[in-house]
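K.L.:
Below is the structure, and that's it, no one-letter string:
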């Protein structure tokens, strides 16, 4: 991978400085197929981002009705029909692993699609650049204006641009906080200055970062701050579709007049007329003709720009196209193009995605509506009572993940004779001690188990099953522990 | 420097090199972006600001206090005050409710147990152990054997006024005489009594033990407090002698030692040190360890 020219202003200098000023990029407007896809994805992703907090989802009387909500104070996360408790954060881990694998697969299929079309940095930068063009004009106008001394018009245009950017950035942060509280309530609170300080602080921080990253830093984020360009370069291969300058067709590049002449006399002439349009439209200032580079986010805008030119000079389009390294070589050798979307790595990724997705779906579908956890007293391990019986103490934590209060009974199995006492117990149902747990709550109880004389024996400690019965429908949850005595092996 | 031939531009990328070369691999000289340098300078400035704003430089007997006057100690004090304010409503409820009501209200019970557990760890565990498991001479609070009573009220009173704690006039008080030391009982009588005491809870006795002598000595000297059959007396803190729980241990030698030296354990009165809700929480905590009556 070579380094791109846009962020390398010191080609051929034998002694480059230790640090260099950024070379301002003035991306030119472009129309075409990939530009339309980018506008569409921008509208879809931002649309989801802005409207999702307001989508409602009925979960019953004791739970929030926001479809997507991270309720930090109550340690709950909601996503439509899914509710996650803190101890179930492995679902998030699974989701992140899935996301990484999908990214790998995307890279193996068609390179940095994420960078070019979906990354928030790309989407916001695209929006901010659109504002810039609207206010200050296109590439030439902006370059011309910036080359002149600042006058009132330049100043007021820049002021307008930065103001709109700040408003956009503020909206970005403003929506972010809505994912962490009931959105309509929070909007009202924010508008009347009644919201928590953390909400305003979050908005301020995100306003600052969005304005800085999408407005001021742009490609610098991709080039110097983001680790993905480095990682993704290792995830692509010669069969992956990448935005590629077809040098087999383009070289030797020369002016249109010269190329026409060369063709007439039967000399080799490339289709590239060196018009620099691909560089002019590039949001990161890359010259795609240098090959795959760190700076290229593979957004395909150079394809649109080049196609325009090719149409004008009456040459076939897609001199720059999504193409593979293998096919360029094959064409050069007079072989037909091949496409191998099914390769060892894509199959491996797909299998892993299916497997992990399957495990997660299974786990979610079979998520227990209530759980029981038991911790044996550490000290003392057992208590000898005045009549010689042995008693063990346990902390039992019951989590009722349903949105309605539940009544449970607790059974302890594994001893010949067990007497169970629950501190703060509420009585008995069907001969077993009963416990009620509020909707979407946990309850911790101290449970004392007294064994009969037969149970105080030599050998391994007895295995205990703590079985929690849902009185309403008979479902059970299980936790295992031990019963220890002075004679059992510790 | 420009004549240094090693620093020629790399042929393939036309990029400047540093002149470093290892086995033909050259290092490209990529200039750092300038904003990065500025960020670095900004961080240094920020550090200077920190120096000025916060306590930073140690001096001989003190340190620079910082322009903001921030102190970690004061932050802790403020945090604790904040926590107490947060707990205020629950603490008030604990103070107002009766001990029985605390145990019967799940919300109060869990608060009292949490508070009691913390207070126990700080104040009680040095003698009674981290799990209230006790030690020789210090009662296990998990079992159902109580010297001065295992009801909520009895435990609460013991906590408030202590045991044999002279500074509190309402303290629980009693004293077992030193039968051996002061010569009241002869060695053979002590030995026989110890055997007899062991027999009360079904423990083995020594061969040739004079249980009849032990029984008569016990009836004359011990039964007044420990009961005719060693059933104990919580009014005077006399331990039960006919059960399986032993404060100092069940060995004959240990029993003889107790008969010889007498005495009893001491527990401080906590009402002078802890506030009302904390003592109530402690009573509930100890009561709900498992042996409460």
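P.N.:
On my side now, so go ahead. Quick caveat: nothing in here was measured; it's all calculated off a predicted structure.
K.L.:
What residues does the residue nearest the centre of chain B make contact with?
P.N.:
Among the residues of chain B, residue B:121 comes closest to the average C-alpha position under CA atoms, centre = their mean, at 1.8 Å. Residue B:121 is in contact with residue B:130, counting by CB atoms under 8 Å, 6 or more residues apart in numbering or on different chains. For every residue, glycine as well, the C-beta is placed using N, CA and C.
K.L.:
shaky segments in the stretch 151-293 of chain B?
P.N.:
The model of the stretch 151-293 of chain B has no residue with pLDDT under 70.
K.L.:
quick one: the helices in it?
P.N.:
All helices of the stretch 151-293 of chain B, identified by DSSP state H, counting those that start in this stretch, fall at B:152-161, B:187-200, B:211-217, B:223-226, B:252-261, B:276-287.
K.L.:
Switch those helices over to CSV; also include mean neighbour count.
P.N.:
Shown next, in CSV, are these (neighbours: other CB atoms under 10 Å in any protein chain shown):
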stretch, mean neighbour count
helix B:152-161, 20
helix B:187-200, 21
helix B:211-217, 17
helix B:223-226, 17
helix B:252-261, 18
helix B:276-287, 23
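K.L.:
on that earlier part again, surely the residue nearest to the centre of chain B is within a strand?
P.N.:
No - counting by DSSP: H, G, I helix; E, B strand; the rest coil, residue B:121 falls outside a strand, being helix.
K.L.:
and the gap between the residue of the stretch 51-200 of chain A found nearest chain B and residue A:89?
P.N.:
Residue of the stretch 51-200 of chain A nearest chain B, by CB to the nearest CB: residue A:73 (13.5 Å). Distance from residue A:73 to residue A:89, counting by CB to CB, to the nearest Å: 17 Å.
K.L.:
neighbour-wise, which of the two wins?
P.N.:
residue A:89 (11 against 8; other CB atoms under 10 Å in any protein chain shown).
K.L.:
and the residue in the stretch 251-400 of chain A that chain B sits nearest to, how many neighbours?
P.N.:
Closest approach between the stretch 251-400 of chain A and chain B, counting by CB to the nearest CB: residue A:379, at 3.0 Å. Residues within reach of residue A:379, counting by other CB under 10 Å, total 12.
K.L.:
And for residue A:216?
P.N.:
For residue A:216, using other CB under 10 Å, the count is 14.
K.L.:
Residue A:410: what's it in contact with?
P.N.:
A:372, A:396, A:420, A:422, A:432-435, A:447, A:466-469.
K.L.:
Adding neighbour count, secondary structure and pLDDT, write these out as CSV.
P.N.:
Listed next are the contacts of residue A:410 as CSV, based on neighbours: other CB atoms under 10 Å in any protein chain shown; DSSP: H, G, I helix; E, B strand; the rest coil; pLDDT from 0 to 100:
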residue, neighbour count, secondary structure, pLDDT
A:372, 19, strand, 94
A:396, 21, strand, 95
A:420, 17, strand, 90
A:422, 16, strand, 91
A:432, 16, strand, 89
A:433, 19, strand, 91
A:434, 17, strand, 91
A:435, 26, strand, 92
A:447, 21, strand, 94
A:466, 23, strand, 95
A:467, 17, strand, 94
A:468, 22, strand, 94
A:469, 19, strand, 93
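K.L.:
As CSV, the residues you listed with distance to chain B would be great.
P.N.:
Formatted as CSV, the contacts of residue A:410 follow (distance: CB to the nearest CB, whole Å):
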residue, distance to chain B
A:372, 17
A:396, 13
A:420, 12
A:422, 10
A:432, 19
A:433, 14
A:434, 13
A:435, 10
A:447, 10
A:466, 17
A:467, 22
A:468, 17
A:469, 20
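K.L.:
right, and out of those, which lies closest to residue A:478?
P.N.:
In terms of CB to CB, no member of the contacts of residue A:410 lies closer to residue A:478 than residue A:467, at 5.6 Å.
K.L.:
pLDDT score assigned to the residue of the stretch 101-250 of chain A found nearest chain B?
P.N.:
Per CB to the nearest CB, the residue of the stretch 101-250 of chain A with the smallest distance to chain B is residue A:224, at 5.7 Å. Model confidence at residue A:224, given as pLDDT, is 89.
K.L.:
The residue lying closest to it once chain neighbours are set aside pairs with what?
P.N.:
Distances taken as CB to CB, 6 or more residues apart in numbering or on different chains place residue B:33 nearest to residue A:224, at 5.7 Å, with adjacent residues excluded. Assessed by DSSP bridges, residue B:33 has beta-bridge partners residue A:20.
K.L.:
Residue B:33 - how many residues pack around it?
P.N.:
19.
K.L.:
correct me, but it touches residue A:23?
P.N.:
No - applying CB atoms under 8 Å, one finds residue B:33 not in contact with residue A:23, separated by 10.1 Å.
K.L.:
before we move on, back to that, and the residue of the stretch 101-250 of chain A closest to chain B, backbone torsions?
P.N.:
phi -120, psi -20 (degrees, to the nearest 10).
K.L.:
Ok, the one 3 residues further on next?
P.N.:
Its backbone dihedrals place residue A:227 at phi -80, psi -20, with angles given as degrees, to the nearest 10.
K.L.:
Domain ranges for the chain, per the record?
P.N.:
Reading this off chain A. A:1-25+A:228-336, A:33-227, A:370-483 (automatic domain parsing).
K.L.:
hm, I was asking about chain B
P.N.:
According to automatic domain parsing, the domains of chain B span B:74-170+B:267-287, B:187-261.
K.L.:
Please give the element, helix or strand, for residue A:156.
P.N.:
For residue A:156, the element it lies in under DSSP states H and E is helix A:152-176.
K.L.:
what's that helix packed up against?
P.N.:
When contacts are defined as 3 or more CB pairs under 8 Å, 6 or more residues apart in numbering or on different chains; DSSP states H and E, helix A:152-176 packs onto helix A:33-51, helix A:120-136, helix A:197-210.
K.L.:
the strands in chain B, which residues?
P.N.:
Along chain B, the stretches classed as strands by DSSP state E are B:17-22, B:25-28, B:32-33.
K.L.:
Deepest-packed of those, please.
P.N.:
The highest mean neighbour count among the strands of chain B, using mean count of other CB atoms under 10 Å in any protein chain shown, belongs to strand B:32-33: a mean of 16.
K.L.:
contact partners of that one?
P.N.:
With contacts defined as CB under 8 Å, 6+ apart, strand B:32-33 is touched by A:7, A:18, A:19, A:20, A:22, A:220, A:223, A:224.
K.L.:
Can you flag the buried ones in the residues you listed?
P.N.:
Restricting the contacts of strand B:32-33 to buried positions leaves A:7, A:20, A:22, A:220, A:223, A:224, with burial counted as 16 or more other CB atoms under 10 Å in any protein chain shown.
K.L.:
The second one touches residue B:29, doesn't it?
P.N.:
No - at 10.6 Å, residue A:20 and residue B:29 do not qualify as touching, with contact defined as CB under 8 Å.
K.L.:
Skip the chain neighbours and tell me the closest residue to the residue in the stretch 101-250 of chain B that chain A sits nearest to.
P.N.:
Residue of the stretch 101-250 of chain B nearest chain A, by CB to the nearest CB: residue B:131 (3.0 Å). Nearest in space to residue B:131, with sequence neighbours left out and distances taken as CB to CB, 6+ apart, is residue A:379 at 3.0 Å.
K.L.:
can you pull the contacts of that neighbour?
P.N.:
Contact analysis of residue A:379 by CB under 8 Å, 6+ apart lists B:129, B:130, B:131, B:133.
K.L.:
try residue A:42
P.N.:
With CB under 8 Å, 6+ apart, residue A:42 has these contacts: A:123, A:126, A:127.
K.L.:
ok, now residue B:26?
P.N.:
Neighbours of residue B:26 in contact, by CB under 8 Å, 6+ apart: B:10, B:17, B:18, B:20.
K.L.:
excluding its backbone neighbours, what's nearest the first one?
P.N.:
Right, residue B:10. Closest to residue B:10 by CB to CB, 6+ apart is residue B:17, at 5.4 Å.
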